[in-house]
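Chemist: just coords:
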């Protein structure tokens, strides 16, 4: 594996850019790479200077932000009703039903029996959702205003404790929506980000589509038939962006992906995956073949033409359009918009300046840890630098998960037996994405076996990087995380209508590092060194993201930063990494800001409680409310610490 290399304490130490589950990877530019998975790793030659010296920060920016965001809620949180407020319960139910009835795809993915939740499926249009337009944006603002007005009628102190959680999350979301729905931001953001754009999502969506009935087969045919029209609306939006001087897309990347889909054409494995899904319903052969025919017609008449439309539009932009090839800071209101993205992607209330200080503090702490380990574990350090990664000894993904499951009980609350399958990622998506694995979110009320998808092009299963991936996506990461939420959280609204990726992804990164403790037989200290270098690398990417999108860095500025940070990269690799960050603002923020927030909470809890610290109780507090803003997570951890002191 190639390493980013730096010098620390006059010892040459490698910094890894490791393919890690659903975490997008720092990229490199190298024609010699044999696969995109390998090409998605950052590479540099040996550094010429020492890494930056650490700084001491007396008070963490995150700690200050968390204290401010929870202080105003603490007094109000003391007053609550012993019984549910029926009017508020009806209000929350109405929001849940409206959200599900207006989102066919979300309803299909999350609910096996929507009728059991008061949802009238006849009100749901089989579509991708509303199309972006000036009229749609105005309607959204009007709806947000109406929701805020209705929400304001409720007094938090009249709600039960469980309802207060729904109230706090809804309040956070409403306030965020109000801060982000300014008309001037209507044409900021992109539907064609290189890491997660609609061109990638469509292929993944249908490759993983589950079918349970004949009615659902007819629905997916209708959805496929609407693909070209939907994509055309996104392209109209993107053309308006270009006219306004707000276009910011990695055109070459999108073009390359679309060419791959079109090259496969009707031989696409996305199409064969849909055929397999039809077979799984268990209809008679003649009926199944008839449905396959109509799926193939929709695929040929709408799905593939949609990709041709995307390709044509991107080539036109490349030939004649104006593409802003600097970060958001170059746009008229770009810095303000970036602040909104930061809040959305991290689930914190930190300003960009506070976030930068927080990341620098985490980076300095990690660097100090690396320096200590350089002397404590010289053998592991030498093996790491020379790329002599020890084998974990595992021979299959299932063996990894079973081993972790047998050991994690000392750290995590029991959620019972979890049935799961491990399935290869669709080969077309695998060849283009560089994603090592991902976990498919299960239905809230379904009986389908949990499913983790793995890239058939992955390196050996016995590598530490694959262990890290599997623990991130499986146990004690996402698969366990969702099992805990579905077992312990009773609110359909919170399970289906909230999405705080800073918590969700930050937890999975954190959990994957906890799982390092379950490994046996590695060189002493190797897993700790591996994890610290990975964290240091990503903190650099977070600071680069801020530099590009908030401070207006050019490629040359980014190169200078990397050099000062302890990285030595040739200009071609710098440009490739810059391009990834430029085309995907905040791409790494949920993962490593979220991780740092959670790890800090644990460090502080351990420091306060000493021998009284109980990892099971800590993780129960961490997981109890599922995906929520970090102000709520911090409150739960504070309550655990206070209780443990008694």
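Modeler: Here it is on my side, so go on. Since the structure is predicted, the reported quantities are computational estimates derived from the model, not experimental observations. Residues are numbered from 1 along each chain as shown.

Chemist: from here on, contacts and neighbour counts on C-alpha atoms
Modeler: Fine.

Chemist: and the closest residue to residue 608 other than its chain neighbours, what does it touch?
Modeler: Spatially, and ignoring its direct neighbours in sequence, residue 608 is nearest to residue 641 (7.7 Å; CA to CA, 6 or more residues apart in numbering). The neighbours of residue 641, taking CA atoms under 8 Å, 6 or more residues apart in numbering as the test, are 605, 608-609.

Chemist: quick check, nearest of those residues to residue 228?
Modeler: Within the set of those, residue 605 lies nearest residue 228; the separation is 52.3 Å, counting by CA to CA.

Chemist: Show me where the stretch 51-200 of the chain has its helices.
Modeler: In order along the chain, the stretch 51-200 of the chain carries the following helices (DSSP state H, counting those that start in this stretch): 61-77, 86-101, 104-110, 134-151, 161-180, 198-207.

Chemist: Give me the buried positions along the helix or strand hosting the residue nearest to residue 608.
Modeler: Here residue 641 is covered by helix 630-645, with elements defined by DSSP states H and E. Applying a neighbour-count criterion of 16 or more other CA atoms under 10 Å, one finds 630-638, 640-641, 644 buried in helix 630-645.

Chemist: Could you provide those residues in a markdown table, with additional columns for pLDDT and distance to residue 503?
Modeler: Supplementary listing: these in a markdown table, determined by pLDDT from 0 to 100; distance: CA to CA, whole Å:
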| residue | pLDDT | distance to residue 503 |
| --- | --- | --- |
| 630 | 97 | 7 |
| 631 | 96 | 11 |
| 632 | 97 | 11 |
| 633 | 97 | 9 |
| 634 | 97 | 11 |
| 635 | 97 | 14 |
| 636 | 97 | 13 |
| 637 | 98 | 14 |
| 638 | 97 | 17 |
| 640 | 97 | 18 |
| 641 | 97 | 20 |
| 644 | 95 | 24 |
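
Chemist: which among these gets closest to residue 93?
Modeler: Out of the buried residues of helix 630-645, the one with the shortest distance to residue 93 is residue 632. That distance is 21.7 Å, counting by CA to CA.

Chemist: gap between that closest one and residue 167?
Modeler: From residue 632 across to residue 167, the span is 12 Å (CA to CA, to the nearest Å).

Chemist: Mind jotting down where the strands sit in the protein?
Modeler: If DSSP state E is used as the criterion, the strands of the chain fall at 3-8, 11-16, 420-424, 437-440, 450-454.

Chemist: counting contacts, what elements does the third one pack onto?
Modeler: Going back to what we said before, that points to strand 420-424. strand 450-454 (3 or more CA pairs under 8 Å, 6 or more residues apart in numbering; DSSP states H and E).

Chemist: ok, back up a step: looking at the helices of the stretch 51-200 of the chain, spot the one closest to residue 553.
Modeler: With respect to residue 553, and counting by CA to CA, the nearest of the helices of the stretch 51-200 of the chain is helix 61-77 at 23.3 Å.

Chemist: Tell me the buried residues in stretch 406-425?
Modeler: Within stretch 406-425, the residues that count as buried by 16+ other CA under 10 Å are 408, 411-413, 425.

Chemist: Format those residues as JSON lines; extra columns: distance to residue 491.
Modeler: Rendered in JSON lines, the data for the buried residues of stretch 406-425 read as follows (distance: CA to CA, whole Å):
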{"residue": "408", "distance to residue 491": "27"}
{"residue": "411", "distance to residue 491": "26"}
{"residue": "412", "distance to residue 491": "22"}
{"residue": "413", "distance to residue 491": "20"}
{"residue": "425", "distance to residue 491": "32"}
